[in-house]
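Asker: Next come a sequence and a model predicted from it.
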Amino acid sequence: MIKAIIFDFDGLIIDTETPWFEAYKETLGYYNVDLPLEHYVKSVGSDNTVLYEFFKQQLGESCNIEEIDAKAESIYKEKMKTPQAREGVKDYLQEANDLGYKIAIASSSTREWVTHYLDELGVLNYFNTIITQDDVEKVKPAPDLYLKAVDALNISSNEALVFEDSLNGLQAALAAGLKCVIVPNPVTESLPFENYDLRLHSMAEKSLSDVIKFIEQ
């Protein structure tokens, strides 16, 4: 029986992934380098290690990660001046709250990053616990974030349902022994997702109670 809902953050609660991809793509354009989506998505849901390796391969000795990051961040901030939650997210949070489920976030980003946006969206108060890269040694696809969230919520792994948008996130949830619903965004929708429990186009597609009913069958 499900007792808790654990959400990923980036790309799921709010689509930060699409503007970041566009920002890095534009930035690399200054260096006459293309950034194919299939290279970018490898880092989605995790950290930027794989992405930075790609930059180094393309730019060689002249690669300045700090400079690329600074340019991309400037473009990203311009695109994200008025952040919006993804469709259905606020309804799910309200429904989870009304139905008495514990609610958590497990994110590969920093706590400061996550809480800033949750505050901006006016949904910070819904979460019983927020687990981020600040709390673990390894981010997704390692299961650490989810294991820590389950522990913090004081439940067993079969009592939690995870919502994810990325392959790294799905792999982390499965490795932690959790049921997982995937809700891809435009950047992640073409990834080869496997072994998930349910796939939604958006959280507006089904109510949370309908999703849980399906999962518990």
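Answerer: That came through fine.
Asker: So which residues of the protein form helices?
Answerer: All helices of the chain, identified by DSSP state H, fall at 17-30, 37-40, 49-59, 65-79, 89-98, 111-121, 144-153, 167-175, 208-216.
Asker: Please identify the most buried of these.
Answerer: Scoring the helices of the chain by mean neighbour count under mean count of other Cβ atoms under 10 Å gives helix 167-175 as the most buried, with a mean of 25. The C-beta positions use only the backbone N, C-alpha and C, and glycine is treated the same way.
Asker: For it, which outside residues touch it?
Answerer: With Cβ atoms under 8 Å, 6 or more residues apart in numbering as the test, helix 167-175 has contacts from 8, 12, 41, 44-46, 106, 108, 140-146, 162, 164, 179-180, 182, 188, 191-193, 195-196.
Asker: Centre of this structure to the edge, which residue is at the far end?
Answerer: In the chain, counting by Cα atoms, centre = their mean, residue 61 sits farthest out from the average C-alpha position, at 32.0 Å.
Asker: Can you measure across stretch 43-53, start residue to end residue?
Answerer: Terminal residues of stretch 43-53 lie 11 Å apart, using Cα to Cα, to the nearest Å.
Asker: Now do that stretch: distance to the chain's middle.
Answerer: Distance, stretch centre to chain centre, for stretch 43-53: 13 Å (Cα atoms, centre = their mean, to the nearest Å).
Asker: just how off-centre is the helix or strand bottoming out on mean pLDDT in the chain within its chain?
Answerer: Each helix and strand of the chain was given a mean pLDDT (mean pLDDT, DSSP states H and E); the minimum falls on helix 37-40 at a mean of 92. From the chain centre to the centre of helix 37-40 is a distance of 16 Å (Cα atoms, centre = their mean).
Asker: show me what contacts the residue farthest from the centre of the chain?
Answerer: Residue 61 neighbours (Cβ under 8 Å, 6+ apart): none.
Asker: So for it, what's the pLDDT?
Answerer: Looking at residue 61, its pLDDT stands at 88.
Asker: are any of the contacts of helix 167-175 buried, and which?
Answerer: 8, 12, 41, 44-46, 106, 108, 140-146, 162, 164, 179-180, 182, 188, 191, 193 (16 or more other Cβ atoms under 10 Å).
Asker: Just the residues contacting stretch 195-212, thanks.
Answerer: Taking Cβ under 8 Å, 6+ apart as the rule, stretch 195-212 contacts 2, 5, 86-89, 91-92, 95-96, 99, 161, 163, 170, 174, 179-184, 193, 214-215.
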